[in-house]
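**Q** sequence and predicted structure, then a few things I'm wondering about:
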Amino acid sequence: MNSAQIPITRTPLHLDSNLRPVSEGRTFPLFPWLPKELRLQIWEEASTRKRVVHVSIRLYRDENDEVIEAPVRYLKKNHLGNPVSGSLYCLLHDDPRMDHPLLTVNSEARQVVLAFYRIQLPAPCGFPRGSKPNHGKNGGHLVRTLLINPEYDVLHIRAESPVKRTLVDFLWDLKAYDPKGVGLLKMATDMTAFCENDLHRLKRSDLLLIRQRKALVETLSQLQEVWLINTGPIRTWHELGIGSPGGSPLTFPFGCKSVEFESIGLESRKGAESALQSVYLGSADPRELIWRWRRLLRTWEIHHTPGQVKYRVIMARRQFCSDSAKSGGGLTRKMGELSLGPSKRLGKLMRLQSCACQCCAFEAGGSSLPDHMGPEGPDRLEIAPVGFWSFPTEALGEIGDGENLCDMDFKPNRSLDMRKYWPELLVASMY
């Protein structure tokens, strides 16, 4: 234990629960001299955080883009003595902030963090198709460790087809590397992730290995939380509340590929009721995703007890990534051009959120910049948070139980009055 000053904040967050910037660099120099029991309690408190973990599972390919077959499957055991799939898949994520910041503070903090993230899954990192491999250990590909706490982490998974060699094996390995044998409890999906592989067409006869069937059925049966993500582009400046008759503030959250988030509670900001009066649901009816999910559960005869699974319909204005945004500050520059609030507070807040979201920005749909921000001027406008609105599925209306998509009455590009179901505001935490 060195005498370095230890931050007293719970990871270096820069926004409080009221979306206001907090002072930076607050430290407690006497931390190393506290009793060890008290230090461990502080480390444990600082380790606890809720995350959305974005994982892409792909087949492992060689430098010639040829799929490499696994020689042995479900025969090897890990350090816990549990059989692992042995499948050759790659786990990809593009966020360097996945590792907890306390892992690099000291050995004491690292030990506590690793105890919190009890699932420590080896994550082979492949290389883009057609590129040269980065030769290292483990047969020419790099291996990182994916740290997961199933009670706190929501896994947003995208998997390549066939899922029996990617997603299903990954679900098995999550259980195999969990000392408690639990595995996935909270997951997120969206229309693209759900339909881009063969999961929605998968039948029991497609999984010849009993262990694979067990992995999928047990995981679907034990889920506690499911996020159904629906993010869409901003079509007009009116949707932003810019230049509207009342000069209403920015309300609808800007989506981002956030890692850590916190719940602010029910939406309470000015202008929320006006925004909820007509919510644009996007080019695809979000009820279709719920219908497809329910059909998957019926196919695999999954029956949840009432109240077992908390379903969230996650809504936000979609971010997009570009070469300029990836260099950092894309959202900061765009919001700065719009002059959405006092310049100093805006710049600081948006720099923090842009840093946390990496390449977060929004689509303006081709509309021109307004000449003014309403009768009260820009200083009176609030800043839209980077995060999400969380609704219950009931907010979308009747879903229907038809077996075929053609039997359903789903409508694209519709707007809905959602004031009866006040959303919970989930804000991307900044550090």
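**A** Received the coordinates, thanks. Numbering: from 1, shown residues only.

**Q** helix or strand for Val112, which one?
**A** Following DSSP states H and E, one finds Val112 within helix 107-116.

**Q** how about that helix: buried residues?
**A** Ala109, Val112, Val113, Leu114, Phe116 (16 or more other C-beta atoms under 10 Å). The C-beta positions use only the backbone N, C-alpha and C, and glycine is treated the same way.

**Q** give me the contact list for that helix.
**A** 1, 36, 39-40, 43-44, 46-48, 100, 102-104, 120, 147, 149 (C-beta atoms under 8 Å, 6 or more residues apart in numbering).

**Q** can you confirm Leu425 is in a helix?
**A** No - using DSSP: H, G, I helix; E, B strand; the rest coil, the assignment for Leu425 is strand, not a helix.

**Q** what's the neighbour count on it?
**A** Neighbourhood size, Leu425 [other C-beta atoms under 10 Å]: 21.

**Q** show me the contacts for it.
**A** So Leu425 contacts 253, 263-269, 385, 387-390 (C-beta under 8 Å, 6+ apart).

**Q** so Val309 sits against Gln224, correct?
**A** Yes - between Val309 and Gln224 there is a contact under C-beta atoms under 8 Å: 6.3 Å.

**Q** neighbour count for those two, which is higher?
**A** Val309 (17 against 14).

**Q** contacts only, for the more buried one.
**A** Contacts of Val309 (C-beta under 8 Å, 6+ apart): Leu223, Gln224, Glu225, Val226.

**Q** which two of these have the greatest separation?
**A** Gln224 and Val226 (8.6 Å; C-beta to C-beta).

**Q** joint contacts of those two?
**A** With C-beta under 8 Å, 6+ apart, Gln224 and Val226 have common neighbours Lys186, Val309, Lys310.

**Q** per-residue pLDDT, the last one?
**A** Translated: Lys310. Note on Lys310: pLDDT of 97.

**Q** first-to-last residue distance for stretch 409-429?
**A** End-to-end distance of stretch 409-429: 38 Å, with C-alpha to C-alpha, to the nearest Å as the criterion.

**Q** neighbours around Arg294, how many?
**A** 15.

**Q** meant to ask about Arg118, not that
**A** 16.

**Q** where in this protein is pLDDT low?
**A** 1-26, 94-98, 125-142, 232-250, 258, 318-384, 430-431 (pLDDT under 70).

**Q** please enumerate the helices of it.
**A** 36-47, 107-116, 137-140, 167-176, 191-195, 210-222, 272-276, 286-299, 323-326, 330-338, 343-357 (DSSP state H).

**Q** relative to Asn82, which of the buried residues of helix 107-116 is nearest.
**A** Closest to Asn82, out of all of those and judged by C-beta to C-beta, is Leu114, at 18.4 Å.
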